[in-house]
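Peer 1: Prediction below, plus the sequence it came from.
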Amino acid sequence: MIEKIKRKLVHKYTAVITSMLLIVFGGCYYMYRQMVAKSINDTLNDYLREEVREAEEALNIGPNKIQLNLDDADINAINHFTFWFMGDKIISSQETINKDLFEKLKQRMLSKNYQEDTIYYENVKSHKVKWYFKLMMKRLYDEHGKAVGKVFVLANNTPMKHSSKQYVVLILVVISVLTGLAYLVGNYFAGRAVKQINIMFEKQKRFVSDASHELRTPLSVLLAYVELLEKQKNSPEITEEMKNEILGMSKLTSNLLELARSDNNRLTLEYEQFDLVAKTGQVIKNFSSIFSQKRLSVAIDMPRRLDFYADAGMIKQLLYILIDNAVKYTPENKKISISIIPEGKKIKIIICDEGIGIAEKDLKHIFERFYRAEKSRNRNNEGLGLGLSLAEIIVKEHKGSIEVKSELGKGSCFTVTLPDSLTT
Ligand code: ADP
């Protein structure tokens, strides 16, 4: 789907660039043609007037002086030609022109009914070469006002035609090259933009599939228990297991919800001032029954009070995740320590345990969503691999850092460093 969007983007971008090029070059071409055409037409007009004046003078003197000059004219020059007619007889043709072309033009001028002062476009083929002309005509009158002849003036428009053709070909080549270039550049930039979208899309897809997988497992376990319950009337162990599964699922869904809310790993924090020590005390109290259940000794090292400015709810969630992990991954009769240490403009929250520890190869992955170290995965299905990724987002959003030191079989220490904005 993303590839389709990319293709569409590139096509639209290329189409826009091509249209713009066509408009710019087309406009230039149109203006150029208009300007050249105007200058040729003006010259032709002046030339016609001059020729008519000369022809009228010549008529007064006597029209018998025929002057024909039939050398080869240059097809590549915008030269002008003139023809004076008395009836169907040419009495003067002043410019150089080849004989074949001369005859063909003469026939054309005699056969067609031209209007005065109008510009006509004519083309004549001579010796396999096509000539293009602009033509104008004016009648000659004698002293009684009787039409006695015609004066034709022609401008060789062939060079203009040729250069126009060359211009069009050149422009088409330039536009094709630029369009190709625009396509490649568009493809490159769209590819770069789409790459990021693709990464996010893939992450999102993996997240949804992992989440649904994680939800499906406890659901099928619950279903199995319900089926068992249907068969056995009184079974407190089954309801206990069901309760655990439901608790696990609600933990997962609340973590999922937080992660889903954190659009692009961002959370909206609501800062407030609170006593961090009291907040930590509350969390520890919530764990007291599980501490005693597992006979864990808990060493607490905190100041009496520590005013802190942060999102209290998120900090509580962070403490909950870290202490919950320490409890989960520490066997019975071991020790957990929880410390809060103000250090200048920073505050350190350190949670250590004497638990199973984390293998070197797992350390770099434990903050990834749904990642669980092999050992923890094998233990039971208490964890879901979401806690630490959420913890990391919370810490980062508070502009802090989280570090872990761990040794397999000996225990782990999580250190969260947060800036203390109240002291800065
Ligand atoms: P989970 O719900 O599986 O605990 P987390 O994201 O909180 O998910 O932790 C990811 C993994 O990191 C855990 O599955 C576990 O392998 C490892 N881990 C986290 N905390 C500890 C700890 N205190 N001791 C040992 N392993 C831990």
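Peer 2: Cool, the structure landed. Numbering: from 1, shown residues only.
Peer 1: mind listing what the residue in the stretch 1-150 of the chain that the ligand sits nearest to touches?
Peer 2: Residue nearest to the ligand within the stretch 1-150 of the chain: I2 (29.1 Å; C-beta to the nearest ligand atom). Every C-beta, even on glycine, is put in place using the N, C-alpha and C of the backbone. I2 is in contact with 194, 197-198, 201, counting by C-beta atoms under 8 Å, 6 or more residues apart in numbering.
Peer 1: and these, which of them are in helices?
Peer 2: Of the contacts of I2, the ones assigned to helices by DSSP state H are 194, 197-198, 201.
Peer 1: Return the member of those nearest to the ligand.
Peer 2: The ligand lies nearest to F201 out of these, by C-beta to the nearest ligand atom, at 23.2 Å.
Peer 1: what's the nearest residue to the closest one if we skip its chain neighbours?
Peer 2: In space, and not counting its chain neighbours, F201 is closest to I2: 6.1 Å by C-beta to C-beta, 6 or more residues apart in numbering.
Peer 1: gap between the one you found and L222?
Peer 2: 37 Å (C-beta to C-beta, to the nearest Å).
Peer 1: ok, now F85?
Peer 2: With C-beta to C-beta as the criterion, F85 and L222 are 110 Å apart.
Peer 1: which of these two has more neighbours?
Peer 2: Neighbour tally, F85 and L222, criterion other C-beta atoms under 10 Å: the higher count belongs to F85, 22 against 15.
Peer 1: where's V226 relative to Q232, distance?
Peer 2: Taking C-beta to C-beta, one finds V226 at 11 Å from Q232.
Peer 1: For the stretch 101-250 of the chain, which residues are neighbours of the ligand?
Peer 2: Within the stretch 101-250 of the chain, not a single residue sits near the ligand (C-beta under 6 Å from any ligand atom).
Peer 1: so where's the stretch 101-250 of the chain uncertain?
Peer 2: Applying pLDDT under 70 to the stretch 101-250 of the chain picks out residues 213-214, 217, 248.
Peer 1: Which stretches in it count as helices?
Peer 2: With helices called from DSSP state H, counting those that start in this stretch, the stretch 101-250 of the chain shows them at 158-231, 236-261.
Peer 1: Low-confidence stretches in the stretch 251-400 of the chain?
Peer 2: 251-252, 255, 260-266, 375-383.
Peer 1: Which positions in it make contact with the ligand?
Peer 2: So the stretch 251-400 of the chain meets the ligand at 321, 325-326, 329, 353, 355-358, 366, 371-373, 376, 383-389 (C-beta under 6 Å from any ligand atom).
Peer 1: Let's see which of those residues end up in helices.
Peer 2: Short answer: those in helices (DSSP H) are 321, 325-326, 376, 387-389.
Peer 1: Next, give me the two most distant ones among those.
Peer 2: A326 and S389 (17.2 Å; C-beta to C-beta).
Peer 1: With neighbour numbers in mind, choose between these two.
Peer 2: Legend: neighbour count by other C-beta under 10 Å for A326 and S389, higher for A326 (26 against 20).
Peer 1: Okay, and the beta partners of the nearest residue to the more buried one once chain neighbours are set aside?
Peer 2: Leaving aside its chain neighbours, A326 sits nearest to D353 (4.0 Å; criterion: C-beta to C-beta, 6+ apart). With DSSP bridges as the criterion, D353 is bridged to I336, S412.
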